[in-house]
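Visitor: what's the 3D shape of this:
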Amino acid sequence: MNPRNVKILDQIRSEALARKIPEPDVERWMEIVRPCALLALDGDGPVVGRFGGPIMLPADVETQDYPLVATIDCAALPREATDLPLPSDGRLLFFGYPEEHGMGEVVYVPEGAAVVERELDPASYPACGDDFAENHDEFPQGDIHLTADVSLPFVGTVAAPSPVYLVPMPGHPHSEALAEVWADQWGGATLVLGGYGTDCNGSDATEIAALCAADDEKAERWPGPGTPSSDAGDWVLLLEFNVHRSGGGAAIFWVIERDDLIAQRFDRTQVLVDWNP
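Guide: As a prediction, this is how the structure comes out:
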């Protein structure tokens, strides 16, 4: 683990102990830490991709229905940056729009594949609605710099009639207090690769992805063969994009089964949207 991540965990541990959370529970919380990568326009870390265009796709890949959020150069990613079984080279293109679930996809372009540039005109995305041109200006453009970080669960919230309350994690009696410690120090980033992700509609993005995949299978939209797993533990967060747009902020989550990530079945990625007004 790099020195920056060690320092972050030491800060979380110290703050948790200062809040009188029992040390054994703090240490159990530390055991579920996952590495993640913060991706932003600035920073001293390596350049690992680009926000926005150009859109470079093989000639036999259809033009996508949603704008390009980011292109990630897999070969430029340090292997220890996440615990995801990502391709060792080639590029991942993340398309999406912060409106509703399903508005997005992931395309993998292998290293050395012949590509052609596609149109970037906002009018090319009628599925995004009349306000796309305005909101597209809020999407960042430029080189992506990586900063190594760590990730812990954001304990989900449930909108009860009154009040909104935290859902504790099974086996962690102080998980609500620990999640507050984590949330208080979490800086986040425009893009976060890997980790647990932030709250998605009152739940974990992997749980919602498993449910959405089950709906796709029932509606015969699931790309076969096989069936999607109903166990959220089999799903991983690929990328989270936090964007400002008119009416408030929103987050897009690209979530995939770990086995499909290994098999590079990116057509099975679930794209989720959470509004933060």
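Visitor: so where's the stretch 1-150 of the chain shaky on pLDDT?
Guide: 120-137 (pLDDT under 70).
Visitor: what ranges do the strands span in it?
Guide: For the stretch 1-150 of the chain, applying DSSP state E, counting those that start in this stretch gives strands covering 34-40, 47-51, 55-57, 68-73, 91-96, 104-109, 116-118, 142-151.
Visitor: Parallel or antiparallel, which strands does the longest one pair with?
Guide: Each strand pairing with strand 142-151, determined using DSSP bridges, is listed with its direction: strand 34-40 (antiparallel), strand 47-51 (antiparallel).
Visitor: export the first one as PDB, just CAs?
Guide: Yep, that's strand 34-40 we're talking about. C-alpha atoms of strand 34-40 as PDB (Å, rounded to 0.1, in the frame of the first residue of the first chain):
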ATOM      1  CA  ARG A  34     -10.500  -1.500  -1.100                       C
ATOM      2  CA  PRO A  35      -8.100   0.400  -3.300                       C
ATOM      3  CA  CYS A  36      -9.600   2.900  -5.800                       C
ATOM      4  CA  ALA A  37      -8.400   5.500  -8.200                       C
ATOM      5  CA  LEU A  38      -9.500   9.200  -8.100                       C
ATOM      6  CA  LEU A  39      -9.500  10.600 -11.700                       C
ATOM      7  CA  ALA A  40      -9.500  14.300 -12.200                       C
END
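Visitor: quick one: Gly104 from Ala205, how far?
Guide: 13 Å (Cβ to Cβ, to the nearest Å). Where you see a C-beta, it was placed from the backbone N, CA and C, and this is true even at glycine.
Visitor: what's the answer for Pro173, then?
Guide: Distance from Pro173 to Ala205, by Cβ to Cβ: 24 Å.
Visitor: Stretch 196-209: end-to-end distance?
Guide: Taking Cα to Cα, to the nearest Å, stretch 196-209 runs 13 Å from one end to the other.
Visitor: Make residue 1 into 220 and carry on from there
Guide: I'll keep to 220 as the first residue from here, and by that count the last item is stretch 415-428.
Visitor: quick check: mean pLDDT across that stretch?
Guide: Across stretch 415-428, the average pLDDT comes to 85.
Visitor: Buried residues in it, which are they?
Guide: Buried residues in stretch 415-428, defined by neighbour count with 16 or more other Cβ atoms under 10 Å: 415-420, 422-428.
Visitor: how far out from the middle of the chain is it?
Guide: Distance, stretch centre to chain centre, for stretch 415-428: 10 Å (Cα atoms, centre = their mean, to the nearest Å).
Visitor: can you list contacts of that stretch?
Guide: Stretch 415-428 has contacts (Cβ atoms under 8 Å, 6 or more residues apart in numbering) with 253, 320, 370-373, 375-378, 407, 451-452, 454-456, 459, 461, 470, 472, 474-475, 489, 491, 493.
Visitor: how about the strands in the stretch 370-496 of the chain?
Guide: So, for the stretch 370-496 of the chain - with DSSP E, counting those that start in this stretch - the strands run 376-378, 383-385, 410-413, 454-464, 467-476, 489-495.
Visitor: CSV please, covering those and showing mean neighbour count.
Guide: Shown next, in CSV, are the strands of the stretch 370-496 of the chain (neighbours: other Cβ atoms under 10 Å):
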stretch, mean neighbour count
strand 376-378, 12
strand 383-385, 12
strand 410-413, 26
strand 454-464, 22
strand 467-476, 22
strand 489-495, 21
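Visitor: could I get the ones you listed as CSV with distance to Met275?
Guide: Formatted as CSV, the strands of the stretch 370-496 of the chain follow (distance: least, Cβ to Cβ, whole Å):
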stretch, distance to Met275
strand 376-378, 39
strand 383-385, 43
strand 410-413, 19
strand 454-464, 18
strand 467-476, 19
strand 489-495, 21
